[in-house]
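**Q** structure for the following, please:
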Amino acid sequence: MANPTPKFRIYPSIGIARLGNGPAEKDKVIFSPEVPWKNLFETDQNYLTKDGRLKKQAQRFYIYECDANGNPTHQINTADYDIEWSVEVANKKPFWYDFNNSLDLSVLAHNQNLSPNFVKDKLAPGISAERRNPNVLNQGLRVEGGYDYRKELVNHPGIVSVDERAKRKEIKGEFPSSQMSKSAFSMLAKRMNVDSRPVNLGTVEYDDDGTLIFYGADGISAALNPSDLNTDFADNSNWYDDICDGRVTASIRKKDSGEKFELDDANSAAWVASAPPDYAPQIQPLSTMYDLITGAANEEHASELATVFPMMYRLYRMQWVNLGDFLAPSFKETIDELIANDTFKYIYKKEPKAEADAVREKIFNMFRDPAYKMSNEPIIPSKNTTDLVNRGSGTDELKLPYYPGDAIDYPGSPAQWFAIPPMLYEQLRKWRDGDFFTPESFNFKNMDEMGAFYRQQFLDSANDEARKPLLMTRAVLETLYGGGFHPGVELTWPMRHEQMYAENSETFKLIVDNSMNRIGAYGLREVRLNIASKEEQEKIFYNDFGFSMTAEDVRKSMESGSPESWLWKATPGDLTKWMGIPWQSDAGSCQAVYVEKQYPVPSWWAANLPVHVLPADSYHKLLDPTITDDTKRNIYANRLEWLHTASTGFIGYHAEGGYMNGLINMVYQWKDIGVVTGRKLDLNIDGIPDMVYVAFDANDN
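**A** Model (predicted):
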């Protein structure tokens, strides 16, 4: 049966709130972006409170009335409607499975996100996963009528509602949960001889304009037994954290007629997930979740510079968070060379053909082919060994990007290294071949000038009330990583498959459409998760695959009419249950990746979890008028390991002693580490830009 056309919809359809130890007050938080790229060049923003606490990132939700096709037209207001918001979130991490690698790597899927070579060449077979907290049992499998202790591993506070009369509520959870118990306490906690811990999952607030604000939680993680240390990057038994996700619904009543509308189905409701802090909020991931969701739809896309340049610009800006992208060899170095030789214009101009073709060919050849044609790049050793000797890394130079991929568990697999998704790579190929559209007015001297142009297109698009809500969703999704997944920073591999979505379609092919510019850049999409109905949720909320989950389970779940298709029906907690527990372990462990050569030094998720930064001390030295220009150039070029902005100790993949200390210390130090923030410099010194991105920590206020 076709879904009815919605009369109202909640936007953004997928929202992200980020943790922080600052207060959940709207004048003391950062709000999730609502226009892509808007914040890129801000130089007056503070991501820390005056007393040095890390600000939460809050998500605001709006209700839009729709036309006969279900497309948004305008925001409703409290003069016309009474509005009640409801939020239902959960944390299922302790209940779910260990993370080993992405289980879809053994499944041939129909999308533009994964090369079929993963399956055909068995580049990175999915590794079966066992349950987290395996000693917590469903006694019903052993004794008739036995109690299912595993359900108490889910922190599910239930539905919380706010309106004009009751404007603000905390989402009060606990771990282990007593919700399933017939008594007032957790049966699991009693058996473990511990007390349940209050683990609140956030705060919701009805704002005066009728919008909803969702504040993420405080970033608290701990073990039920204080002596248990988090010694794994993703899977630690007896641990809990305050990450969550779930549905955002609304009930609205028209004041003049009394007519009511329930915005609670997959077509009209929204989803919110909380995530770790974004420690470089003005630096975007190379491949974004918006790219990935677009690739899941498996559509054809127009050939234009606007489908290629954003990816290249994001890679160019990684220089602010990763030394491998700042020094040579790097994409930045290549672009700087073009600028110095007055050939940067061939990024967007096609004539004279020979010169322009040569520039595009050079850049294209720097990127790794997502088909992974068995190039012999350096090998990342197994996480179980620190032996860097005689590994036979081969002779090929490392290609772009310098980041690990989905096959990190398989030393020697070419897919140990991340490749931009096939959708982006195909657009890059067309660009190389001269098959792309560029506005004739282009006359840019460098990447930042072009970036400012595209930023303005998004700002212009936001003036269109029909485009504005779709821009909100895109803005959120562009802050999230879109691969590779191990498991990732915020949301992981199920997001790259069409089964995740009740709707994933292009509403506007162009971001802007006027006589001067026709900019597509993958357009604007209506993206709605495949949300389970309330009746479906009752049946599947605690579903799993038993003692272990395999790649075959995932393959079967994708078949039409499969009894395992519940895997793709979203219930509260289902987006974040795949992520590491506690979240700090994965966030802290994914830093530098050491291979045999000194240059470049690869890294993991540097756009959100920086690796090398320009520290605040260096920034202040650059402003010192008594220091010579030559010394200032040296200061500018001298980057510091990001985690040294706090006392976590050194962390690097395969620097095992520091790595383990870092996992443990990150649980306590995460709130004290520097946030990379744009600042003006204007020194007029050759080699030092007028704007820099500086890591400010709690001690720099």
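**Q** neighbours around the closest residue to residue 14 other than its chain neighbours, how many?
**A** Once flanking residues are discounted, residue 14 sits nearest to residue 271: 5.3 Å by Cβ to Cβ, 6 or more residues apart in numbering. C-beta: built from backbone N, CA, C; applies to glycine. By other Cβ atoms under 10 Å, the residues close to residue 271 number 24.
**Q** quick one: contacts for residue 271?
**A** 13-15, 245-248, 529, 531, 570, 575 (Cβ atoms under 8 Å, 6 or more residues apart in numbering).
**Q** show me what contacts the residue nearest the centre of the chain?
**A** Closest to where the C-alpha atoms of the chain average out (Cα atoms, centre = their mean) is residue 480, at 2.4 Å. The contact partners of residue 480, by Cβ under 8 Å, 6+ apart, come to 16, 275, 285, 288-289, 489-491.
**Q** distance check, residue 114 against residue 139.
**A** Plainly put, residue 114 is 40 Å away from residue 139 if you go by Cβ to Cβ, to the nearest Å.
**Q** next one: residue 449
**A** 66 Å.
**Q** if we can go back for a sec, list only buried entries from the contacts of residue 271.
**A** 13-15, 245-248, 529, 531, 570, 575 (16 or more other Cβ atoms under 10 Å).
**Q** who's in contact with residue 496?
**A** With Cβ under 8 Å, 6+ apart as the criterion, the residues that contact residue 496 are 104, 109, 111, 113-114, 292-293, 295-296, 421, 482-483.
**Q** am I right that residue 621 is in a helix?
**A** Yes - assessed by DSSP: H, G, I helix; E, B strand; the rest coil, residue 621 belongs to a helix.
**Q** same for the host helix or strand of residue 89, what does it pack against?
**A** Here residue 89, judged by DSSP states H and E, is contained in strand 81-91. Packed against strand 81-91 by the contact rule (3 or more Cβ pairs under 8 Å, 6 or more residues apart in numbering; DSSP states H and E) you find strand 57-66, strand 155-162, strand 203-206, strand 212-215, strand 245-254, strand 270-275.
**Q** for residue 624, which of those strands is the nearest?
**A** Closest approach to residue 624 among those is made by strand 57-66 (33.0 Å; Cβ to Cβ).
**Q** in the helix or strand following that closest one, what counts as buried?
**A** Counting by DSSP H and E, the next helix or strand C-terminal to strand 57-66 is strand 72-75. For strand 72-75, the buried set under the neighbour-count rule, 16+ other Cβ under 10 Å, comprises 72, 75.
**Q** export only the CA atoms of stretch 316-334, formatted as CSV.
**A** Output of stretch 316-334 as CSV, limited to C-alpha atoms (Å, rounded to 0.1, in the frame of the first residue of the first chain):
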residue,chain,number,x,y,z
TYR,A,316,42.2,20.6,0.9
ARG,A,317,40.9,21.9,4.3
MET,A,318,42.0,18.8,6.1
GLN,A,319,45.4,20.5,6.4
TRP,A,320,44.1,22.1,9.6
VAL,A,321,43.6,18.8,11.4
ASN,A,322,46.1,16.4,9.9
LEU,A,323,49.8,16.7,9.3
GLY,A,324,49.6,14.3,6.4
ASP,A,325,47.3,16.7,4.5
PHE,A,326,49.5,19.7,5.4
LEU,A,327,52.9,18.6,4.3
ALA,A,328,54.2,16.8,1.2
PRO,A,329,53.1,14.7,-0.5
SER,A,330,49.5,16.0,-0.1
PHE,A,331,46.6,17.3,-2.1
LYS,A,332,47.3,20.8,-0.6
GLU,A,333,50.8,20.7,-2.0
THR,A,334,49.5,19.9,-5.5
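**Q** which residues are in contact with it?
**A** Residues contacting stretch 316-334 (Cβ under 8 Å, 6+ apart): 280, 283-284, 286, 312, 315, 335, 362-363, 366, 397, 400, 402, 447, 451, 599-603, 606-607, 610-614, 639, 642, 676, 692-693.
**Q** what's the PyMOL syntax to select whichever of the residues you listed are buried?
**A** Of the contacts of stretch 316-334, the buried ones go into a single PyMOL selection, burial set by 16+ other Cβ under 10 Å:
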select buried, resi 280+283+284+286+312+315+335+363+400+402+447+451+600+601+602+603+606+607+610+611+612+613+614+639+642+676+692+693
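**Q** what about the contacts of stretch 316-334, which are in helices?
**A** 312, 315, 335, 362-363, 447, 451 (DSSP state H).
**Q** quick one: least confident of the contacts of residue 480?
**A** Across the set of the contacts of residue 480, residue 489 stands lowest in pLDDT, at 89.
**Q** ok, it - contacts?
**A** So residue 489 contacts 275-276, 480-481, 586-587, 590, 605, 608-609 (Cβ under 8 Å, 6+ apart).
**Q** quick one: low-confidence ranges for the protein?
**A** Residues of the chain meeting the criterion pLDDT under 70: 1-2, 181-182, 383-395, 515, 645-658, 701.
**Q** as a quick check, tell me the outermost residue of it.
**A** What lies farthest from the middle of the chain is residue 144; by Cα atoms, centre = their mean that is 43.3 Å.
**Q** let me know the secondary structure of that residue.
**A** Classified using three-state DSSP, residue 144 is coil.
**Q** coming back round to it: which of the contacts of stretch 316-334 fall within strands?
**A** 612-614, 676, 692-693 (DSSP state E).
**Q** just to check, residue 94 is in contact with residue 188?
**A** No - using Cβ atoms under 8 Å, residue 94 makes no contact with residue 188, being 10.3 Å away.
**Q** what touches both of these two?
**A** residue 153.
**Q** please, where are all the helices along the stretch 551-700 of the chain?
**A** In the stretch 551-700 of the chain, the helices defined using DSSP state H, counting those that start in this stretch lie at 551-557, 583-589, 616-622, 629-637, 656-669.
**Q** tell me which of the ones you listed sits most buried.
**A** Most buried of the helices of the stretch 551-700 of the chain, by mean neighbour count (mean count of other Cβ atoms under 10 Å): helix 583-589, with a mean of 26.
**Q** can you give me the helices for the stretch 401-550 of the chain?
**A** With helices called from DSSP H, counting those that start in this stretch, the stretch 401-550 of the chain shows them at 422-432, 447-461, 468-477, 534-540.
**Q** and the contacts of the longest one?
**A** When contacts are defined by Cβ under 8 Å, 6+ apart, helix 447-461 is touched by residues 35-38, 40-41, 306, 309-310, 312-313, 316-317, 335, 347-348, 442, 444, 467-468, 471, 511-512, 517, 519, 521, 524.
**Q** and stretch 257-266, by the same measure?
**A** By Cβ under 8 Å, 6+ apart, the list of residues contacting stretch 257-266 from outside reads 3, 6-10, 63, 86, 247, 249-254, 269, 502-503, 528-531, 533-534.
**Q** any of the contacts of residue 496 buried? List them.
**A** The neighbour count (16+ other Cβ under 10 Å) marks 104, 109, 111, 113-114, 292-293, 295-296, 421, 482-483 as buried among the contacts of residue 496.
**Q** out of those, which comes closest to residue 343?
**A** Among the buried ones among the contacts of residue 496, residue 421 lies closest to residue 343 (Cβ to Cβ), at 28.2 Å.
**Q** state the distance from the closest one to residue 116.
**A** With Cβ to Cβ as the criterion, residue 421 and residue 116 are 13 Å apart.
**Q** picking that back up, so for residue 301, which of the helices of the stretch 401-550 of the chain sits nearest?
**A** Between those, helix 422-432 lies closest to residue 301; by Cβ to Cβ that is 6.8 Å.
**Q** which strands and helices sit next to the closest one?
**A** Under the contact definition 3+ Cβ pairs under 8 Å, 6+ apart, helix 422-432 sits against helix 289-296, helix 353-365.
**Q** single out the most deeply packed of the ones you listed.
**A** Neighbour counts (mean count of other Cβ under 10 Å) averaged over each of the helices and strands packed on helix 422-432 peak at helix 289-296, with a mean of 26.
**Q** neighbouring contacts of it?
**A** 111-113, 301, 311, 421-424, 474, 477-478, 480-483, 490-491, 495-498, 500-501, 504, 522, 525, 527.
**Q** which among the contacts of stretch 257-266 count as buried?
**A** Among the contacts of stretch 257-266, those buried by neighbour count (16+ other Cβ under 10 Å) are 6, 8-10, 63, 86, 247, 249-252, 269, 502-503, 528-531.
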